[in-house]
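Chemist: Just a sequence and a predicted model for now, questions to come.
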Amino acid sequence: DFGFQIFRAVLFTLALLAGTASAQIILPGKSPQDKFLAPFWAQNNNAGITVQGLNANATADEFAQLLMPPGIPKTVSSIASLVSSAVTGVNKQDWLHVADTARGGIFYLVNDQTSTNRGTKIASSTAAYSWQRVFSGPVELEWFGPVADGATDDRAILLEWIAAAKAAAAKVARLSERTYKVTGTLDVSGLRIIGNNARIKGDGTAYVLQALGSIGTYQNLDANATIGAASITCVALAGSVVKGDLVKIISDAQFLAGSPEGDRRQGEMHVVESVTGGNVIRFMDVLFDTYTTANVAKAAKVTPTTLELSDLTIEQADYNITTAPVPQGVFVKYGFRPIITARFQNCGEAAIRVQDCWAPDINAESDNSFYSTTGTSYGVSISNATMYGRVRGQYLNARHAVTVGGNTEHGVAWELLVQATGSAHPDATQGVFDSHGTSGSVIWDGCTAIGSAATHRGFGSFARRTVIRNCRVIGAKYGLYLSTATHTI
């Protein structure tokens, strides 16, 4: 082991002498610390050294840890013992092992107390230093010490957990199979959340989780853009987008005259393929509508968020259906390929609401216990310029199991594929599966619509283009309800 330490020191010194030249050190792991750190890689920006054994934000001092002699770190029994451990100086060889089952791990000393929390960087109570957790992969919620009894509000702890996951390189957060009560809405933009069959209980107001991207300033098109074209002309926007960016195009033109929602305005989103001539933005697919300068056609760059939920149950507390805001499950706006695989209970307004998202993939289950004729109780609501979405799963006791369109903002949902089972709430009066007047094209494929009242419809069609194939309707009075607006079915 001593010989290996010398060998390691020589490699490290040679890499430092290389200056800014890129060098790589791969350490096989000889001491327990090295083995624990083995999954990590880090970049020393000053010396251009890549080292296996450190996290992605490694500093020069942390590189020096690689020269520490092998040995077992001192063990303490709890996080409280870690916090109160005596610190005699800034010694990067100070390591502690916390033996606590839920919150334990390996920690090393750092000489600051910035951005501390209860899980990954814990402030010392004896000096102005902190204990940094060594970890790879997901940020575990249990590290932060939630109560998780389903009654105590764990919001503050979940906020720290989410912030730590967003700051980590992997941006992955994981729960345990427990029940966490939260108040208000948690912003999980940009995260992958592994539920492990956990349950998050809301307080009966607003959303439990949300992920939000953003959109820039709209710029007027310089020429008309016709349906079937793969480009737009917009000098003001062309200089700020590159291949792979997401662009939303809208105008003030009414989308579908004659529909009950005839005041809705056209719009869609596309991924940039290239920019040519300083003014032409080419897309990876074609426009579904025509946009004219006479109708103030314009476009803007979208800065999307990402979100992946898996193996998680989201439940809302009981609520008064006549009191705003009505509780909901998950809301995603301006998302790029959001993935939602989860279960929802008692989310009155909507279990899942998606707006202005590119290629959302939803495979979920929901059961809404409450209903109102004012428009609540959706399983999945897709609206605005949401493109190429896919919805699977089952959505029970809903006004609409899956609904498309209906939002007053500019934008129309195009090419939504739905392969789901849905049932209507006994008091509902409309379609189990429904497309509003702000729906461009919807494909209902292999869906089963279950009704129980004389007013129920299996499918309601207001979209410009609807495809229904291999579907069935059970118990409803009507199989299909068509609007008087111009459409193709």
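Modeler: Yes, it's here.

Chemist: Could you tell me what pLDDT the model assigned to the nearest residue to residue 182 once chain neighbours are set aside?
Modeler: Taking Cβ to Cβ, 6 or more residues apart in numbering, and ignoring the residues beside it in sequence, residue 182 has residue 155 as its nearest neighbour in space, at 4.6 Å. C-beta: built from backbone N, CA, C; applies to glycine. Residue-level confidence at residue 155 comes out at 97, pLDDT.

Chemist: got it, and residue 470?
Modeler: As predicted, residue 470 sits at a pLDDT of 97.

Chemist: Count the residues that sit near the closest residue to it other than its chain neighbours.
Modeler: Computed as Cβ to Cβ, 6+ apart, the closest residue to residue 470 that is not its neighbour in sequence is residue 446, at 4.8 Å. For residue 446, the count of nearby residues is 13 (other Cβ atoms under 10 Å).

Chemist: separation between residue 446 and residue 418?
Modeler: Summarising the geometry, the distance separating residue 446 from residue 418, computed by Cβ to Cβ, to the nearest Å, is 9 Å.

Chemist: measure stretch 425-433 end to end?
Modeler: Distance between the two ends of stretch 425-433: 12 Å, counting by Cα to Cα, to the nearest Å.

Chemist: before we move on, back to that, who are the neighbours in contact with the residue nearest to residue 182?
Modeler: For residue 155, the set of contacting residues under the criterion of Cβ atoms under 8 Å, 6 or more residues apart in numbering consists of 182, 183, 184, 186.

Chemist: Now it. Its backbone dihedrals?
Modeler: phi -60, psi -50 (degrees, to the nearest 10).

Chemist: likewise residue 200?
Modeler: Given degrees, to the nearest 10, the pair of backbone angles that residue 200 has is phi -110, psi 120.

Chemist: cool, and residue 336?
Modeler: Here residue 336 shows phi and psi, under degrees, to the nearest 10, equal to phi -110, psi 110.

Chemist: shaky segments in the stretch 151-300 of the chain?
Modeler: 257-263 (pLDDT under 70).

Chemist: if we go to 90?
Modeler: Low-confidence regions of the stretch 151-300 of the chain, defined by pLDDT under 90, span residues 204-206, 254-265.

Chemist: Just the buried positions in stretch 192-204, please.
Modeler: For stretch 192-204, the neighbour count (16 or more other Cβ atoms under 10 Å) marks 192, 193, 194, 195, 196, 198, 199, 200, 201, 202, 203, 204 as buried.

Chemist: what's in contact with that stretch?
Modeler: Outside of stretch 192-204, the residues that reach it under the criterion Cβ under 8 Å, 6+ apart are 138, 150, 170-184, 208-209, 307-319, 327, 342.

Chemist: Can you list which of the residues you listed are found in strands?
Modeler: Helix and strand membership here follows DSSP state E; of the contacts of stretch 192-204, those in strands are 150, 172-174, 179-181, 208-209, 307-315, 342.

Chemist: for the closest residue to residue 317 other than its chain neighbours, helix, strand, or coil?
Modeler: With sequence-adjacent residues excluded and distances taken as Cβ to Cβ, 6+ apart, residue 317 is closest to residue 204, at 3.9 Å. Here residue 204 is coil, with the state taken from DSSP: H, G, I helix; E, B strand; the rest coil.

Chemist: Next one: residue 204 from residue 349, what distance?
Modeler: Look at residue 204 and residue 349: by Cβ to Cβ, they are 11 Å apart.

Chemist: repeat for residue 472
Modeler: 28 Å.

Chemist: and which of the buried residues of stretch 192-204 is nearest residue 387?
Modeler: Nearest to residue 387 out of those is residue 192 (Cβ to Cβ; 21.9 Å).

Chemist: Where does that closest one sit, in terms of helix or strand?
Modeler: strand 191-201 (DSSP states H and E).

Chemist: Now do that strand against strand 307-315: the angle between them, please.
Modeler: Using axes from the mean of the first three to the mean of the last three Cα atoms, to 10 degrees, the interaxial angle of strand 191-201 with respect to strand 307-315 works out to 0 degrees.

Chemist: Neighbouring strands of strand 191-201 in the sheet, and parallel or not?
Modeler: Each strand pairing with strand 191-201, determined using DSSP bridges, is listed with its direction: strand 172-174 (parallel), strand 179-181 (parallel), strand 307-315 (parallel).

Chemist: Tabulate those (CSV), appending mean neighbour count.
Modeler: As requested, these are exported to CSV (neighbours: other Cβ atoms under 10 Å):
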stretch, mean neighbour count
strand 172-174, 19
strand 179-181, 21
strand 307-315, 21
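
Chemist: Out of those strands, which gets nearest to residue 409?
Modeler: The minimum distance between residue 409 and these falls on strand 307-315, with 20.0 Å, by Cβ to Cβ.

Chemist: With only the CA atoms kept, save the closest one in CSV.
Modeler: Listed next in CSV are the C-alpha coordinates belonging to strand 307-315 (Å, rounded to 0.1, in the frame of the first residue of the first chain):
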residue,chain,number,x,y,z
LEU,A,307,-38.7,15.8,-16.0
GLU,A,308,-38.9,12.1,-15.4
LEU,A,309,-41.1,10.6,-12.7
SER,A,310,-41.3,6.9,-12.1
ASP,A,311,-42.9,4.6,-9.5
LEU,A,312,-44.5,7.3,-7.5
THR,A,313,-48.0,7.9,-6.1
ILE,A,314,-49.3,11.5,-5.8
GLU,A,315,-52.3,12.0,-3.6
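
Chemist: How far away from the center of its chain is it?
Modeler: Centroid separation for strand 307-315 versus its chain: 10 Å, with Cα atoms, centre = their mean, to the nearest Å.

Chemist: and residue 267, bridged to which residues?
Modeler: As for beta bridges, residue 267 partners with residue 250 under DSSP bridges.

Chemist: which ones are touching it?
Modeler: Residues in contact with residue 267 (Cβ under 8 Å, 6+ apart) are 248, 249, 250, 251, 384, 385, 410, 411, 412.

Chemist: can you check residue 394 too?
Modeler: The neighbours of residue 394, taking Cβ under 8 Å, 6+ apart as the test, are 365, 366, 401, 420, 421, 422.

Chemist: So what touches the host helix or strand of the fourth one?
Modeler: In this structure, residue 420 sits in strand 416-424 according to DSSP H and E. Strand 416-424 has contacts (Cβ under 8 Å, 6+ apart) with 379-380, 382, 386, 388-402, 404, 432-433, 439, 441-453, 456, 476.

Chemist: does residue 119 really touch residue 162, like I thought?
Modeler: No: between residue 119 and residue 162 no contact is recorded; they are 11.0 Å apart, counting by Cβ atoms under 8 Å.

Chemist: neighbour-wise, which of these two wins?
Modeler: Neighbour totals were compared for residue 119 and residue 162, and residue 119 leads with 25 against 21 (other Cβ under 10 Å).

Chemist: got the contact list for that one?
Modeler: Applying Cβ under 8 Å, 6+ apart, the residues contacting residue 119 are 103, 133, 139, 140, 143, 144, 145, 160, 161, 164.

Chemist: Please state the offset of the helix or strand where residue 481 lies from the chain centre?
Modeler: Assigning secondary structure by DSSP H and E places residue 481 in strand 478-482. Distance of strand 478-482 from its chain centroid, counting by Cα atoms, centre = their mean, is 35 Å.

Chemist: Dump that strand to PDB, restricted to CA.
Modeler: Coordinates of each C-alpha in strand 478-482 appear next as PDB, following Å, rounded to 0.1, in the frame of the first residue of the first chain:
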ATOM      1  CA  TYR A 478     -73.200   7.700 -27.500                       C
ATOM      2  CA  GLY A 479     -70.200   6.200 -29.100                       C
ATOM      3  CA  LEU A 480     -69.000   9.300 -30.800                       C
ATOM      4  CA  TYR A 481     -70.100  13.000 -30.700                       C
ATOM      5  CA  LEU A 482     -69.000  15.200 -33.600                       C
END
